[in-house]
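In: The following comprises the amino acid sequence and a computationally predicted model.
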Amino acid sequence: MGKINKVFVSLMFFGFFAFLSFGEVEADQQEEKEVQENLWDKVVLRIDDGPTKYTEKLVETIKKLKIKNANFYVIGENCLTNNGKIDEAKSKILKQIIEEGWTIGNHTMHHPELTKTKKDYFLKHPEEWEKEIKDCEELLFKILGFYPKSFATPGIPAGKNLPEKLREVVKNLNLEFDLGWTIDSSDSRKGKKILPPQEVAEKIKESQGEIIFLVHDKKETASYLEEINNYLIKKD
């Protein structure tokens, strides 16, 4: 075999194996991507207490990670400027949330902490409890053009420990209680550390059904989700 032919054959072999190697890398990347998407598909991401100045970055991250199911529970006063007018920037991001196919829910106007004292106050003055909900409802209607149907009681999952009299107020407003959560990130629990990203990822991987994962609209939430994602796509 001539020198030129030998060189040609060598190049052919090199090209063939390089093609195989490239194909394997590409297949691995595709498999990794599918794993990532499938795992996030098990999650309903619940984001409470927005909108904030961090919501835009959070929305970008959720979109980047291709999280299909996200519920944003909004505090009415957070949608307003210091002068009590609708904040246009926050109004815009709320509209984008709807455009992305995610949902927005009512989380009261001022997010009252429902201590025993506060519950007793609202039981004596149910009209004040109703106002907390209706003011947020009307504000969201002005921004979105429709009334969100879901309501999340501050600090109480699915309204389970809410006094019946106050539950009735919610029902009479034709609102549905939230579904609570499966995993609490503890990112707003006083005296508790945030749930480590690796632990969250493990819980998602191990779950056989849908997961409702609670986080809050804070500065570090976007990077927290990115860290969880890194563990989700990491091969065991």
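Out: Cool, got the structure.
In: all contacts plus neighbour counts: C-alpha atoms, from now on.
Out: OK.
In: Residue 39 in helix, strand or coil?
Out: Classification of residue 39 using DSSP: H, G, I helix; E, B strand; the rest coil returns helix.
In: Tell me, how many residues neighbour it?
Out: The tally of other residues near residue 39 (other C-alpha atoms under 10 Å) stands at 17.
In: List the contacts of it.
Out: Neighbouring residues of residue 39 by C-alpha atoms under 8 Å, 6 or more residues apart in numbering: 204, 205, 232.
In: And residue 46, how far from residue 112?
Out: Distance of residue 46 to residue 112, computed by C-alpha to C-alpha, to the nearest Å: 19 Å.
In: Please name the nearest non-neighbouring residue to residue 232.
Out: In this structure, residue 232 finds its nearest non-sequential neighbour in residue 201, 5.5 Å apart by C-alpha to C-alpha, 6 or more residues apart in numbering.
In: and the one you found, how far is that from residue 40?
Out: From residue 201 over to residue 40 (counting by C-alpha to C-alpha), the distance is 10 Å.
In: Please list all residues in contact with the residue nearest to residue 232.
Out: Contacts of residue 201 (C-alpha under 8 Å, 6+ apart): 228, 229, 231, 232.
In: who's more crowded, residue 46 and residue 112?
Out: residue 46 (23 against 15).
In: can you pull up the bridge partners for the more buried one?
Out: Counting by DSSP bridges, residue 46 forms beta bridges with residue 71, residue 214.
In: Show the model's pLDDT score for the residue nearest the centre of the chain.
Out: Nearest residue to the geometric centre of the chain (C-alpha atoms, centre = their mean): residue 45, 3.4 Å. At residue 45, the model reports a pLDDT of 98.
In: That one: what's it in contact with?
Out: Residues near residue 45 by C-alpha under 8 Å, 6+ apart: 67, 69, 70, 71, 212, 213, 214, 215.
In: let's see it at 10 Å
Out: Contacts for residue 45 (C-alpha atoms under 10 Å, 6 or more residues apart in numbering) come out as 62, 67-72, 102, 181, 183, 211-215.
In: try residue 182
Out: 43, 44, 203, 210, 211, 212, 213, 214.
In: tell me the domain boundaries of the protein?
Out: What automatic domain parsing lists as the domains of the chain is 1-40, 41-233.
In: Can you say which of these is packed in most?
Out: Mean neighbours per residue, mean count of other C-alpha atoms under 10 Å, is largest over the domains of the chain for domain 41-233, with a mean of 17.
In: mind checking the end-to-end distance for that domain?
Out: First-to-last residue span, domain 41-233, C-alpha to C-alpha: 13 Å.
In: try stretch 184-197
Out: Chord length of stretch 184-197, first to last residue, is 12 Å (C-alpha to C-alpha).
In: can you give me the helices for the chain?
Out: Along the chain, counting by DSSP state H, helices occupy 3-40, 55-64, 88-99, 116-124, 126-144, 164-172, 197-206, 221-233.
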